[in-house]
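> Sequence and predicted model, in that order:
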Amino acid sequence: MYGHLVRRLLQFAVVLVLGSIAVWAFTFALPGDPATVLLGSDASESELAATRARLGLDGSIVQQYLSWIGHAVGGDLGASYYSGQPVVRELLDRIPATIQLAGFAMTLTLLIAVPVGIVVALRPHSVAGRVLQGYLTAGLAVPTFWLGLLLIIVLAVQLQWLPAASDFVPIWRDPAGAVTATILPAVAIAVHTSSVTARFLATSLGEVMGKDYIRTARAKGVPERDVIRRHALRNASLPTVTIVGLQLGSFLGGTVVIEAVFNYPGLGRLLYTAIGERDYALVQGGVLFVVATFLLLNLLVDVFYAVLDPRIRLT
Amino acid sequence: MSGGALDGATRGGTVHSALTPAADRGAGQPVLSLRDLVVEFTTPAGVVRAVDGMSYDVFGGETLSVVGETGSGKSVSVLAALGLLRTPNLRRVSGQALLGGVDLLTLPEVELRRRLGRDVAMIFQDAISALNPVQRVGHQIAEALRVHDRALTAAAARVRVVELLDMVGVPHADARYDQYPHQFSGGMCQRVMIAMAIANRPKVLIADEPTTALDVSVQAQILDLLRVAREETGAGVVLITHDLGVVAETADRVSVTYGGRIVESGEVTQIFTRPRHPYTAALLGALPRLDTAARRLLPIPGQPPDPSELPPGCAFAPRCPISQGRSVCTEQRPEARPGPDGAGVSACHFPDEAAALLTRADSPGDTTASVSGGDAAAGSPVLDVQQAVARFPVRSGVLARPSAWVHAVDGVSLRVPAGRTLGLVGESGCGKTTLARLVLRLVEPTGGRILVDGRDVGAAGRSQLRQIRRSAQMVFQDPYASLNPRLSVGDNVAEPLRLQGLPYAKRRSQVADLFARVGLRTEHADRLPSEFSGGQRQRVAIARALASRPGLLILDEPVSALDVSVQAQVLNLLADLQRESAMAYLFVSHDLAVIRQVADEVAVMYLGRIVESGSVRRVYDDPRHPYTRALLASVPVPDPVGRADRRRVPLGGDVPSPVDPPSGCRFRTRCPIAVAICAEKEPPLRLVAGGHTACHLADETADLTPEAAR
Ligand SMILES: Nc1ncnc2c1ncn2[C@@H]1O[C@H](COP(=O)(O)OP(=O)(O)OP(=O)(O)O)[C@@H](O)[C@H]1O
Ligand code: SF4
Ligand code: SF4
Ligand SMILES: [Mg+2]
């Protein structure tokens, strides 16, 4: 277990450094120098030079990176070219909203995926099984943004049950309000991700049900419900954990399209706007955060995996 | 280092004091009866009737052995009876499975589960995969207790489980409780399964091939343990197996299955000495023996029946040596009828003619088989292995550096002359396969020299290696994996010829030749490997190996996956081919009886070293190494007569890890006669009594009686 974790941690660190280099370097690949973007094309050379110096854009490439990453580690990702606000501030403003939406979406995903996956795996030929199979196919096929629009039109505009645009209502301040504000985008996301997860779970559960140890459990006299709960699900959840971790990672990176559709003030919309405005400092900082979160989640998935599977933990 | 099983078992006697005497077997009600059990599956090829009216009874305290070849319905029948068959293509289960007078087949699932594990418990073949990999071993046993006794607390269950583990001979039971199955060896997992099965002291214990995946020394431990478990619980035991040796050692009564039915049932000595069904007699004739000198085996011609097209008459008719086309056999299905004394049944129209087949088998009529030709060993050997070494790194730690080495083959020397067979035996993991693969450099050698026809394999360049690989061919255990599934069997056999650039017409005629030599029909050359049975596929693999006219065949467990009747066909075929072409064989097997049948010389391997070698007679009849002696003693003898006198303590423990072999003599951790010097000095392989033995005490072991040697 220990060696495994240390190896994982080292990998995490190496990939994080490589990722940060990529994030930092990608601004070079884009057209337009940040200083030019900031000052407009008719700025004078000296003005440009001064701005470059202020942004840390002079000096050698290595120096530029080291200075950037050094600041980043110290919590300074520079200032937004646009608003002049510190990038960290801007990000911190949006992160709670994104976490809340991700939490809602993931909760819904699991609430749907686990029972659906179980029924599809165990009763594929029953009526419920067939209906849910249909749900899985539909959930994969329907584009998320379209479902979002549909929900807005039906539930918000026509029936007026829920607000069309979702403000961020922190759940710790107003739980009920938070639910009303966040539920629609969360549903729009969860329909798709729950289909993916349920399918995964159904496949691995179906496989596990044919294993010898399931037969052993039955032969011991364990009631079928407990055979599934105690023996099958834990084994079947192993591959599913990976996919859920990936999904959570992508939620935390901001669900750009859905946040745009619902006008939800999350990280995704922030980045979306920043890209449009060529606010490179903000884009860089945001992407760095997304990459780091994703890698961290991956690491957590690995740890969790080891907790679930003694064969990994104990070798 | 004696068998933990017995120590544990006697200790266990104090745990469960209520010993049920196994005295009144046969009297009273059977604890489990199958009545006319029929099981059918739907398959693309039509309806498969896997079990075709099977009936048998088991009484308390007795062991009923259900024996038969692959696919004869042994497993499916018990799984169906216990409601454990869950495949979606199950079409029909009918008949009765009476457990204490209650028909399990009519019970609702909840009721059935209440009886499973409490009144009837099962032990499965592959114990490692039969245990949940993510649950602690102790919890899995405790679950068996608590599911039937809701009042049992976790703490009380733990105490009971530790007692049980102790009883089945798992050392350090308390610490082992919290471990996971992957931390147990195969034999230990099977002990855990047995503990689980006897936890509730069931009336019936069904063991489906409980030792098939295990080494002989461990098999002997487990069989002993099963006997103890039966005596402890007073349960009726159903022991399903394909191994007639296991049957003869353990059974009170025997039921022989063929084509989904019981063709003969009877008391064990009657079955082995006076069989009343020709199939039983034929099986006995096809069995290689450990105790007799090589004689030609008597295989059963043809294949086991296809359960999707069972014939209307007797299922055995196409292969039966006494039917000889009698019309009653092909038209009228023989019902199971009791014998003249009322005991046992036989489903044959001519039950009294079967026993005569045995005497035919016993007459040494056909003595053409590998006659040990005196000093034929002269001349240069086809295969000469000198001090071969193969090590594999074990990687671990943060940087995955090799932190240790597996000494798979550690200084082995062998010579095989033309026309002779060297048998290589040993338990799993002792390095047999690695050694075989070294010869063709499928594994890179770490040291030593290997010469094939005088050519150095290790130093060979590309083209020379290709030549060597043409003159030395390999045949594997699983022929299906070694044949290209998308090529017809004819093309598979022709492949080496094509690579040699032979024109099509020539290839075609040579393939026809090869097919004839291995006993395949040329018309079948266009079929795919998947359309053949295991035995036929092995013939195809042999034909392909013969295509390049090799001087050396390396046979790695070539018959281990085959049934007794088919195994005998392949062994005879190999003997014939060797006589015709004077090929040298390196024959690797874990089966000592098979090796005795085929080999001229034998080498016994233990942990990467050869511990004993010599002529078959020397190694089998005058074994000097304690390991060889223990191995030979562990093999179940297919002869129930006098088995009581053969009772012995099996070799204890498992093979140690080859990563860190014991100092001095590698066998000392399990050796019953080890002395101080054994830990200090490694015994060299030295000439003893006309063979070679690596034991400090080799000169004394001969004087020990088999019992005292252990
Ligand atoms: N799900 C299934 N669908 C179709 N046929 C099946 C299925 N399960 C088993 N069979 C067939 O039933 C027959 C009996 O199988 P069974 O496993 O009982 O044999 P066995 O006597 O236990 O053999 P072995 O010695 O290999 O364990 C075989 O021909 C097998 O192919
Ligand atoms: S009934 Fe006929 S074919 Fe069947 S076993 Fe007896 S003699 Fe042979
Ligand atoms: S050398 Fe010693 S330990 Fe090894 S087999 Fe001989 S007696 Fe046993
Ligand atoms: Mg079976």
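That came through fine. Ligands and ions are numbered 1, 2, ... in the order given.
> what's the nearest residue to B:Arg455 if we skip its chain neighbours?
Leaving out its chain neighbours, the residue that sits closest to B:Arg455 by C-beta to C-beta, 6 or more residues apart in numbering or on different chains is B:Ile468, at 5.7 Å. Where C-beta positions appear, they are placed from N, C-alpha and C, glycine not excepted.
> Contacts made by the helix or strand harbouring the one you found with the rest, please.
If you go by DSSP states H and E, B:Ile468 is part of helix B:462-471. With C-beta atoms under 8 Å, 6 or more residues apart in numbering or on different chains as the test, helix B:462-471 has contacts from B:440-441, B:452-453, B:455, B:457, B:460, B:496, B:500, B:548-552.
> Okay, now the sheet partners of whichever helix or strand comes after it, with direction.
The helix or strand immediately downstream of helix B:462-471 is strand B:472-475, counting by DSSP H and E. Taking DSSP bridges as the criterion, strand B:472-475 sits next to strand B:552-556 (parallel) in its sheet.
> Next, the angle strand B:552-556 makes with the next helix-or-strand element following the partner strand.
Using DSSP H and E, the helix or strand that directly follows strand B:552-556 along the chain is helix B:564-581. Between helix B:564-581 and strand B:552-556, the angle comes out at 170 degrees (axes from the mean of the first three to the mean of the last three C-alpha atoms, to 10 degrees).
> Could you confirm whether helix B:564-581 reaches ligand 1?
No: contact of helix B:564-581 with ligand 1 is not found when judged by C-beta under 6 Å from any ligand atom; the minimum separation is 10.9 Å.
> Quick check: buried residues in that helix?
B:564-578 (16 or more other C-beta atoms under 10 Å in any protein chain shown).
> for these, which one is nearest A:Glu259?
Within the buried residues of helix B:564-581, the smallest distance to A:Glu259 is 67.3 Å, found for B:Val566 (C-beta to C-beta).
> tell me the contacts of the closest one?
B:Pro299, B:Gln303, B:Ser533, B:Gly534, B:Gly535.
> could you redo the last one with a cut-off of 10 Å?
Residues in contact with B:Val566, defined by C-beta atoms under 10 Å, 6 or more residues apart in numbering or on different chains, are B:69-70, B:286, B:299-300, B:302-304, B:533-536, B:538-539, B:559.
> Just want to check the distance between it and ligand 2.
B:Val566 sits 18 Å away from ligand 2, going by C-beta to the nearest ligand atom, to the nearest Å.
> Then B:His242?
B:His242 is 19 Å from ligand 2, by C-beta to the nearest ligand atom.
> Check the burial of whichever residue of the stretch 151-300 of chain B sits closest to ligand 3 by counting its neighbours.
Per C-beta to the nearest ligand atom, B:Ser217 is where the stretch 151-300 of chain B lies closest to ligand 3, at 14.1 Å. The local packing of B:Ser217 (other C-beta atoms under 10 Å in any protein chain shown) involves 23 other residues.
> what's the answer for B:Leu562, then?
Neighbour tally, B:Leu562, other C-beta under 10 Å: 22.
> which residues sit in contact with it?
Here B:Leu562 is in contact with B:69-70, B:477, B:479, B:533-535, B:537-538, B:568-571 (C-beta under 10 Å, 6+ apart).
> make it 7 Å
The neighbourhood of B:Leu562, defined by C-beta atoms under 7 Å, 6 or more residues apart in numbering or on different chains, consists of B:Gly534, B:Gly535, B:Gln538, B:Val570.
> can you pick the most crowded of those residues?
Busiest of those [other C-beta under 10 Å] is B:Gln538, holding 31 neighbours.
> Quick check: can you list the domain ranges of the chain?
Just going to use chain A. A:2-73, A:91-309 (automatic domain parsing).
> Can you look at chain B instead?
According to automatic domain parsing, the domains of chain B span B:27-269, B:274-289+B:298-365, B:379-612.
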